[in-house]
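1. Pasting the sequence and the predicted coordinates here, then a few questions.
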Amino acid sequence: MIGRDVMANWRLFRYRNSDGSAKDWAVITNPDGSISTRWGKTAARLPSVNTRHGIRQFDIERQKQAKGYVFVEEVEIDQDGNVAWPGQNAMQIRNPGNQPEETDENHQAEAEPLRSLVGTLYWHIDCKVDHETGAELGSEVRRMIADIQALQSDDVMPENAAGRVVQAGQVWDGWQQLLDLTLNQQAFTHSGQIRHAHGVMPWLLLMALKFKGYAGVEIGIATEHCREVLADLKAEPEILAFFGTDLDSIRPLAERLGLLKPKLNLALVMAGQDDSWF
């Protein structure tokens, strides 16, 4: 087993519930060949632990993924179950020897900057609709993707802000997955990840579908620290910054997708009015 003062690399997986909450599950292969797992509600500590022999890490990971768990990343966990994310000093989650225990308030204050960071985004769709609504949803997905492609072909969207649909489709497999799932016009549940390299467009597409508010279709996106991402782009500058863009850069696409109201061009409005000053 892992010593109290030794941090070991575990593979962390996450399952998002329909109510927005989440639970984590982590796994590691020990030097003696046994498999240790930890689990609990998504938090800075995973209290429950179990160690077994006679199983393979690959097999148990596949079992969890089949149940809807999505791989997050490798993290460090000590014997007490304290989780350290990449870039976080492990000493921040343990009390150094001979020093007084810190208060819960201090631990919470240290954790706040970490939770404010945006890493991978996690999305899920729970679709329980009739045939007619399913067909409408499928048509909307195809229309939105066509709009994205049209704006790109017109060079309206800056490439460094959003990437290319063709290129993004090779990286973010959600494009084809959404098309396939909605073409079936049946109930389905699906989840996945959006990383920085995927560009901003997958997030905008999912937020636009969420904004439409189809009855029986629940769409959620959250950061790796379980903060639910809003469909209001003006309230999410942190997410836009994560993708290396801002509101003005993605405005043409956001307006086309219905996430932003078109700006009123006063020059065009005034040009159409008769001159009544004299």
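-> Nice, thanks for sending it over. On a predicted model such as this, the values are computed, not experimentally measured, just so you know.
2. Lys210 and Ile28: what is the separation?
-> Going from Lys210 to Ile28 by CB to CB, to the nearest Å gives 36 Å. The C-beta positions use only the backbone N, C-alpha and C, and glycine is treated the same way.
3. List the residues that contact Pro262.
-> Glu255 (CB atoms under 8 Å, 6 or more residues apart in numbering).
4. just checking, Gly258 touches Lys210?
-> No. If you go by CB atoms under 8 Å, Gly258 and Lys210 don't touch, sitting 11.0 Å apart.
5. Tell me which of these two has more neighbours.
-> Neighbour count, other CB atoms under 10 Å: between Gly258 and Lys210, Lys210 has more, with 20 against 13.
6. got the residue ranges for the helices in this protein?
-> In the chain, the helices defined using DSSP state H lie at 57-66, 104-116, 131-153, 159-162, 165-171, 174-183, 201-212, 237-242, 247-257, 266-271.
7. and the end-to-end length of stretch 14-31?
-> Across stretch 14-31, the terminal residues are separated by 25 Å (CA to CA, to the nearest Å).
8. Pull out the buried residues from that stretch.
-> Neighbour-count burial for stretch 14-31, counted by 16 or more other CB atoms under 10 Å, picks out Arg14, Tyr15, Arg16, Ala22, Lys23, Asp24, Trp25, Ala26, Val27, Ile28.
9. how far does that stretch sit from the chain's center?
-> 14 Å (CA atoms, centre = their mean, to the nearest Å).
10. for stretch 13-33, same thing?
-> 16 Å.
11. now that stretch: mean pLDDT?
-> On average, the pLDDT along stretch 13-33 is 85.
12. Could you do stretch 139-146 as well?
-> Stretch 139-146 comes out with an average pLDDT of 88.
13. ditto for stretch 174-189
-> 80.
14. gap between Ile219 and Arg143?
-> Remark: distance between Ile219 and Arg143 (CB to CB) = 17 Å.
15. higher neighbour count, the two?
-> More crowded of Ile219 and Arg143, by other CB under 10 Å: Ile219, with 19 against 12.
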